[in-house]
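In: With the input below, show me the fold.
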Amino acid sequence: MKYRKYIAIAFIGALFLPLLSAKAEKTPVEKFNIKSIVFVEQEQEEAFDFDTADYLPEEFNAYDSNESVNSLNFIENDVIDLGFDTTDYLPENFNPYRK
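Out: Residues are numbered from 1 along each chain as shown. Sure, this is the predicted structure:
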């Protein structure tokens, strides 16, 4: 029994032996030069077989807009006919909008 313990310790120690002789290799660190980046501009493929500028107003810019999401008017229609009375299936004083 005593020898098994020593053999187990020796085996575990043998597993860690390569770690003791390991040396960290120092690799040279290159400094990054922003000017070494090469920019490649891709040509735009035409999605249409015609010139869209002929059909748009002069000075048209799709990204220039004075509209906002707040200017949209939403129409709420709370009356929906499901074909049966939902009050039979909901608790009393049920309010789906209450937090």
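
In: Start from the N-terminal end of the chain and give the strands.
Out: In the chain, no segments count as strands under DSSP state E.

In: which residues of it score low on pLDDT?
Out: Scanning the chain for pLDDT under 70 picks out 1, 22, 24, 48, 67-69.

In: make it 80
Out: 1-2, 17-30, 32, 34, 40-50, 52, 62-80, 99 (pLDDT under 80).

In: for the protein, what spans make up the helices?
Out: Here the chain has its helices, by DSSP state H, at 2-21.

In: contacting residues for residue 37?
Out: For residue 37, no contacting residues are found, by C-beta atoms under 8 Å, 6 or more residues apart in numbering. To be clear about C-beta, it is placed using only N, CA and C from the backbone, and glycine gets the same treatment.

In: Distance of it relative to residue 49?
Out: 36 Å (C-beta to C-beta, to the nearest Å).

In: what does residue 18 give?
Out: If you go by C-beta to C-beta, the gap between residue 18 and residue 49 works out to 68 Å.

In: Show me which of these two is the more surrounded one.
Out: residue 18 (8 against 5; other C-beta atoms under 10 Å).

In: Quick check: that one vs residue 83, distance?
Out: 76 Å.

In: Same check on residue 35?
Out: Residue 35 is 71 Å from residue 83, by C-beta to C-beta.

In: and what of residue 46?
Out: In terms of C-beta to C-beta, residue 46 sits 52 Å off from residue 83.

In: neighbour-wise, which of these two wins?
Out: residue 46 (9 against 4).

In: ok now stretch 74-89, how far from the chain's centre?
Out: 37 Å (C-alpha atoms, centre = their mean, to the nearest Å).

In: how long is it end to end?
Out: End-to-end span of stretch 74-89 (C-alpha to C-alpha, to the nearest Å): 29 Å.

In: Near residue 16, how many other residues are there?
Out: Residue 16: 8 neighbours (other C-beta under 10 Å).

In: Can you name the residues that contact it?
Out: So residue 16 contacts nothing (C-beta under 8 Å, 6+ apart).
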